[in-house]
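Trainee: from the sequence below, what's the structure:
(one chain, ligands or ions: 1)
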Amino acid sequence: MSDQETLPLGVKLTALDEAFRRNPYPILERLRQQDPTLNDTELVRRVFTRHDDVKAILRDKELLSDPRSAAEGSFTREYLGANLGPDEEPSMLLMDEPGHRRLRSLVSKPFTPGAVEKWRPRTRDVVQRVLDAISTDEFDLIADFAGPIPTIVIAEMLGIDASLHADFKRWSDLMVQVGFNPFPTDEQTEAADTAREQLHACFEDQIRFRSQNLGDDLLSDMLRAEEEGETLTHQEIVSQCDLLLVAGNVTTTDLIGNGVLALIQHPEQMAKLRADPGLIENAVEEMLRFDSPVTNSGRIAHDDTELAGCPVHKGESLSVSLASANRDPDVYPEPNRFDIEREDTHHQAFGGGRHLCLGAHLARLEAQEAILGLLQRYPVLRLSERGYTHHAIPSFRGMSECWVTTR
Ligand code: HEM
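Mentor: Now for the predicted structure:
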């Protein structure tokens with residue numbers, strides 16, 4: 001553990017810090033080299049940065065996720081558990097077995113690759129509609145393009161009235177600002193609480209309506225879902241809708257935004273993709289590796305044990321840096337090179353093991369359709385003078401605005 005004093009800790013390892021937000025990769029490289037199992041005494045968590053350690057921890061079946069199993073004062077208990085009311089169950093992301101398996105199996109069918117593929121034509125339509133609404137040569141790639149697409153797609157999947165799509169986007173943006181943020185301001189917390197109440201009230205209305213009018217949508221599927229004779233309670237349905245919306249929106253917007261930015265900054269890669277759109281699948285995997293929209297995930301130690309050669313204590317918060325794992329030179333030669341034809345595009349961007357992202361196929365499909373649609377619509381696409389800004393949401397990496405010109 002050489003040189004630990006000089007390594008950044010706490011907030012300096014989150015998007016709230018300007019240097020980390022602008023470019024986390026040199027900092028993560030230092031951690032990987034100097035202390036790959038860093039004891040973050042400020043946020044009270046252990047931070048793992050090497051690819052193989054991150055991969056093994058994500059897949060370790062003994063480790064836990066429910067913040068209520070985390071030690072008092074630890075990162076997971078203080079920050080992730082803090083949003084839970086006393087009688088509230090966490091969403092499946094923060095649940096352990098057997099509850100996690102039950103919920104996941106009840107909602108997973110519409111997210112299999114085959115089921116998601118059926119959404120491709122509708123996603124393509126959504127992309128065209130969003131592009132049709134852009135009427136100027138210069139526009140904000142995030143607000144005008146990458147932002148609306150995932151909300152519209154998930155709201156349509158859930159069977160939610162189109163008139164509510166803009167509210168959905170606003171509510172989920174406000175909630176995500178505090179969801180994984182160790183230091184939300186009072187204002188952010190208040191706004192997120194109000195947004196959550198409004199969103200839940202809206203879900204309750206939609207559930208009541210759908211119970212009497214079952215259709216071909218995800219909400220109806222959840223209402224119908226039966227697995228081993230069990231059904232989902234309305235509260236569970238609300239909590240899953242909430243997760244789908246919050247987990248699926250900012251992340252997919254960030255993937256589209258980060259991916260297009262990488263193409264703009266590597267014009268030879270953009271030209272390659274324009275010349276051969278068949279490269280899109282591999283290109284999106286490389287975008288997920290190169291600039292991962294979710295930078296961190298986590299687990300909780302189930303017992304006193306050793307992980308990655310490091311002793312950990314029962315209840316300790318284990319933070320895994322997906323962003324760092326995906327740039328580990330032991331696994332990816334020249335990890336900082338963006339190359340849409342790379343063969344080693346496997347990555348940890350969707351986590352792994354039991355909690356592997358449920359929406360991975362949907363996110364991939366949306367990004368593929370969005371990016372191809374954008375390139376086909378605009379033969380020229382460059383950054384405009386107004387430039388871009390990264391957002392300050394811990395555990396996520398993406399932009400709050402990115403101005404482009406098509407001239
Ligand atoms: C590029 C977009 C996305 C990224 C990078 C992403 C990333 C992740 C990550 C890292 C996890 C935690 C995995 C772990 O700890 O092992 C996760 C979980 C999850 N994601 Fe995503 N996600 C994306 C899009 C979506 C979408 C579109 C949806 C749904 C509509 C979704 C739904 C979920 C759910 C339900 C979980 C919890 C799964 C569980 O605990 O079993 N995600 N995602």
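Trainee: surely residue 93 touches residue 243?
Mentor: Yes. Under the criterion of CB atoms under 8 Å, residue 93 makes contact with residue 243 at 6.2 Å. Backbone N, C-alpha and C define where each C-beta goes, glycine included.
Trainee: how about stretch 379-397 and the ligand, touching?
Mentor: No. Stretch 379-397 does not reach the ligand (CB under 6 Å from any ligand atom); its nearest approach is 8.7 Å.
Trainee: start and end of that stretch, how far apart?
Mentor: End-to-end span of stretch 379-397 (CA to CA, to the nearest Å): 27 Å.
Trainee: so what's the gap between that stretch and the chain middle?
Mentor: 17 Å (CA atoms, centre = their mean, to the nearest Å).
Trainee: near the ligand, which residues of the stretch 251-400 of the chain?
Mentor: Residues of the stretch 251-400 of the chain lying near the ligand (CB under 6 Å from any ligand atom): 251-252, 255, 293-294, 297, 322, 349-353, 355-359, 362-363.
Trainee: again, only this time at 5 Å
Mentor: 251-252, 255, 293-294, 297, 349-351, 355, 357-359, 362-363 (CB under 5 Å from any ligand atom).
Trainee: strands - which of these land there?
Mentor: residue 297 (DSSP state E).
Trainee: tell me the one among the residues of the stretch 251-400 of the chain next to the ligand nearest to residue 190.
Mentor: Lowest distance from residue 190 to these (CB to CB) belongs to residue 251, with 24.2 Å.
Trainee: the residue of the stretch 1-150 of the chain found nearest the ligand: neighbouring residues, count only.
Mentor: Closest to the ligand within the stretch 1-150 of the chain is residue 93: 4.0 Å, counting by CB to the nearest ligand atom. The tally of other residues near residue 93 (other CB atoms under 10 Å) stands at 17.
Trainee: who are the contact partners of it?
Mentor: Contacts for residue 93 (CB atoms under 8 Å, 6 or more residues apart in numbering) come out as 65, 243, 247, 355.
Trainee: neighbour count added to the residues you listed, as a markdown table?
Mentor: Formatted as a markdown table, the contacts of residue 93 follow (neighbours: other CB atoms under 10 Å):
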| residue | neighbour count |
| --- | --- |
| 65 | 22 |
| 243 | 20 |
| 247 | 22 |
| 355 | 20 |
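Trainee: show me the contacts for whichever residue of the stretch 201-350 of the chain sits closest to the ligand.
Mentor: Of all residues in the stretch 201-350 of the chain, residue 248 sits closest to the ligand, at 3.0 Å by CB to the nearest ligand atom. Counting by CB under 8 Å, 6+ apart, residue 248 makes contact with 150, 154, 359, 362, 363.
Trainee: fine by me, thanks again.
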